[in-house]
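>>> I would like the atomic coordinates for the input below:
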Amino acid sequence: MRLRDALRLSSLANAAVVAGQGGLERDVRWAHVVDMPDPAPWIGPGQLLLTTGYAWPLDPEAERSQLEALAKRELAGIGLAVPTYRERFSANAREHAERLALPLLEIPWDVPFARITEELHRELLSVQQRTIERSEQIHRALTRAASEGTTLHDLAHRLGALIDRSITIEDTHGNVLGFHAIPSHEDPVRRETIARTRSPRRTTLELERRGTYERIRRSGAPVRIAAMPDLELDARLVCPIRVGGEIAGYVWIIEGEAALSDLDHRAAEHGALVAALQIAHQRELAQVESRLGYTSFLSLLEAPAATPQMLERAQLLGFDPAVTYRAGIAVLDEPLPLAREAVLRRDALIERLRRHLGALGVERPMLGAALDRIPFLLPAEFAIADFAPELATERLRFVFGRPAAGTDGARASYQEAQELLAYDGLGRVAAYEDVLVPRVLLGDARARDAFLRDLFAPLEGRKGGPTLREALMHYAEHGFAFRRTANALGIHPNTLRYRLERAAELTGLTLDDPDVRFRLQLASRLVRLRANHSDRTHKDGERS
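This next block holds a predicted model:
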């Protein structure tokens, strides 16, 4: 219990704190009566030293030395019975104890030390018993949650509700795997972490620089991190999640207004243990899925909608919903069904791809296997030119979807890569955006829709967007002749100039670029052809 709480006991109700107010949050583990000239060797951390003052030094220098020696022993405080042997603590003692944040208590002489020790020890044992019982309840509740197959987010929510604290479970990269929020307990860093589902990089880098993470990694128990106002960081408790000898993540408990207790330390340990079991189970599932040819992230890409469990497993494997990825598929030139030798070649290629991604700087490569295909995700920051060409061979080709963020974006990119599999003659390496026009010319309806959508998407939903699109279309149809276009639209040349400049600004198109002009002319023909086809279909329907 805290010394501040101990002062509420009836035996200490009339004790006066005369110095060291800043140390009232110290833990009290026991009370010990010592009346000898040098009490330091006889006391330990967390003890409340009780003395009549009979052997207390009178010399100011000796008094200061004794206070420093006692402070080094990390005792909870010093209680002096007054006024029989000493009227009170000297001004010298009070001044020095204040600097040491060592609480000094003046206890009325008529309060027996036996009464203080009996009441304090009884309360300490009671607190310990209540903590143990409550800890067991928390452990059973979390174990039951694990047996029910809940996610790490559910685990964080249940733990936070049990101890009434804000909780975050994060992986080693700071990605949030689960949280329980109590708005009144949130500091700016915590709020940003929840909003972005990731710890602010500036904060993690600074904590690493200060050695905080190293202290956590070395510890076998929860570590309390003091408040860091310069980082807008309130005090918190963190316990590493260890799986198979390695750290797989962290359980963070925000202190809030109420000081962290022994129960919070025990809860952090229980939470980290159950989270480790959950992560180990998810990894085992991932290994089984990988042997069957279905990794968790691949299930995420192929499923119509991602379930929380599916997303959690993918995140544990390295998927980050906030990162923009480009889905790729490596295709082996092997007859189906794959012979044993072909399967071995495919597995060896997976390891080669994994190493290649790692060499580029991808910390946790995500790959799978499905028959003669190896789907994978490539962070958009890494160019295709830096990845695929040196791996592509006569018996291996690569297709890529366009970069996109989030789970929906990753699935869309994967579907685009799959579309390219239907085409031959694309070369050893093909990206969706690079072969879009050839596919349009071949009559691919999906490619046509994607081509038009990409070209004019920045104008959709914008005020005046249809007008700007019409100006681009007429400009292309009239051979990019400025006056002919203005006459065809029946507008002043300055009005046309404004519309074209505004359209170019929004779409990022350079209207003098021959490739851009070709795309606009192709788009205008496609739109007109589709409109004519729709009109003919409508008229045929009326005649019938």
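
>>> going forward, measure contacts between C-alpha atoms and count neighbours the same way
Noted.

>>> the stretch 201-350 of the chain: helices as residue ranges?
Secondary structure of the stretch 201-350 of the chain (DSSP state H, counting those that start in this stretch): helices at 201-209, 212-218, 262-292, 296-302, 308-317, 340-360.

>>> least reliable of these going by mean pLDDT?
The stretch with the lowest mean pLDDT among the helices of the stretch 201-350 of the chain is helix 296-302, at a mean of 68.

>>> the helices of the stretch 201-350 of the chain: which one's closest to Glu133?
Evaluated over the helices of the stretch 201-350 of the chain, closeness to Glu133 peaks at helix 262-292, with 9.9 Å, by C-alpha to C-alpha.

>>> now stretch 76-94: average pLDDT?
93.

>>> Tyr498 falls within a helix, correct?
Yes - counting by DSSP: H, G, I helix; E, B strand; the rest coil, one finds Tyr498 located in a helix.

>>> how near is it to Phe518?
To Phe518, Tyr498 is 22 Å away according to C-alpha to C-alpha, to the nearest Å.

>>> count the neighbours of Leu349 for me.
A count of nearby residues for Leu349, using other C-alpha atoms under 10 Å, gives 17.

>>> how much space separates it from Asp512?
Taking C-alpha to C-alpha, one finds Leu349 at 45 Å from Asp512.

>>> the most centrally placed residue in the chain pairs with what?
Taking C-alpha atoms, centre = their mean, the centroid of the chain lies closest to Asn175, which sits 1.8 Å from it. Asn175 has the following beta-bridge partners by DSSP bridges: Arg198.

>>> would you mind measuring from it to Ile169?
Per C-alpha to C-alpha, Asn175 is found 9 Å from Ile169.

>>> go on, Arg202?
Going from Arg202 to Ile169 by C-alpha to C-alpha gives 19 Å.

>>> ok, the two, which is more surrounded?
Neighbour tally, Arg202 and Ile169, criterion other C-alpha under 10 Å: the higher count belongs to Ile169, 29 against 10.

>>> report the secondary structure state of that one.
Assignment for Ile169 (three-state DSSP): strand.

>>> how many other residues sit next to the residue nearest to it when sequence neighbours are not counted?
Spatial nearest neighbour of Ile169, excluding adjacent residues (C-alpha to C-alpha, 6 or more residues apart in numbering): Val251 at 4.7 Å. Counted with other C-alpha under 10 Å, residues neighbouring Val251 total 27.

>>> surely Val251 and Ile167 touch.
Yes - between Val251 and Ile167 there is a contact under C-alpha atoms under 8 Å: 7.2 Å.

>>> any buried residues in stretch 49-62, and which?
49-53, 56-57 (16 or more other C-alpha atoms under 10 Å).

>>> how near is Pro108 to Thr407?
With C-alpha to C-alpha as the criterion, Pro108 and Thr407 are 68 Å apart.

>>> neighbour count winner among these two?
More neighbours surround Thr407 than the other of Pro108 and Thr407, with 22 against 18 (other C-alpha under 10 Å).

>>> Three-state assignment for the more buried one, please.
Judged by three-state DSSP, the three-state class of Thr407 is helix.

>>> oh, and call the first residue 25 from now on, that's how I've got it
Happy to do that; since the first residue is 25 now, the last one works out to Thr431.

>>> distance of it relative to Thr509?
For Thr431 relative to Thr509 (C-alpha to C-alpha), the value is 43 Å.

>>> again with Asp478
Using C-alpha to C-alpha, one obtains 24 Å as the distance from Asp478 to Thr509.

>>> more crowded one of the two?
Under the criterion of other C-alpha under 10 Å, the comparison of Asp478 against Thr509 puts Thr509 first, with 22 against 12.

>>> spatially, and excluding backbone neighbours, which residue is closest to the more buried one.
Among residues not flanking Thr509 along the chain, Tyr499 sits closest, at 5.5 Å (C-alpha to C-alpha, 6+ apart).

>>> how about the helix or strand that contains the one you found: buried residues?
Assigned by DSSP states H and E, Tyr499 belongs to helix 489-501. Going by neighbour count (16+ other C-alpha under 10 Å), the buried part of helix 489-501 is 489, 492-493, 495-501.

>>> what lies in contact with that helix?
Applying C-alpha atoms under 8 Å, 6 or more residues apart in numbering, the contact partners of helix 489-501 are 480, 483-484, 505-506, 509, 512-513, 520, 523-524, 526-527, 541, 544-545, 547-548.

>>> which of those residues are buried? Put it as a ChimeraX command.
This is how ChimeraX selects the buried members of those, with burial counted by 16+ other C-alpha under 10 Å:
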select :480,483,509,520,523,524,527,541,544,545,547,548
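
>>> in strands, which of the contacts of helix 489-501 appear?
With DSSP state E as the criterion, strands contain none of the contacts of helix 489-501.

>>> how about Asn38, secondary structure?
Look at Asn38: counting by three-state DSSP, its state is coil.

>>> and it, how far from Asp29?
14 Å.
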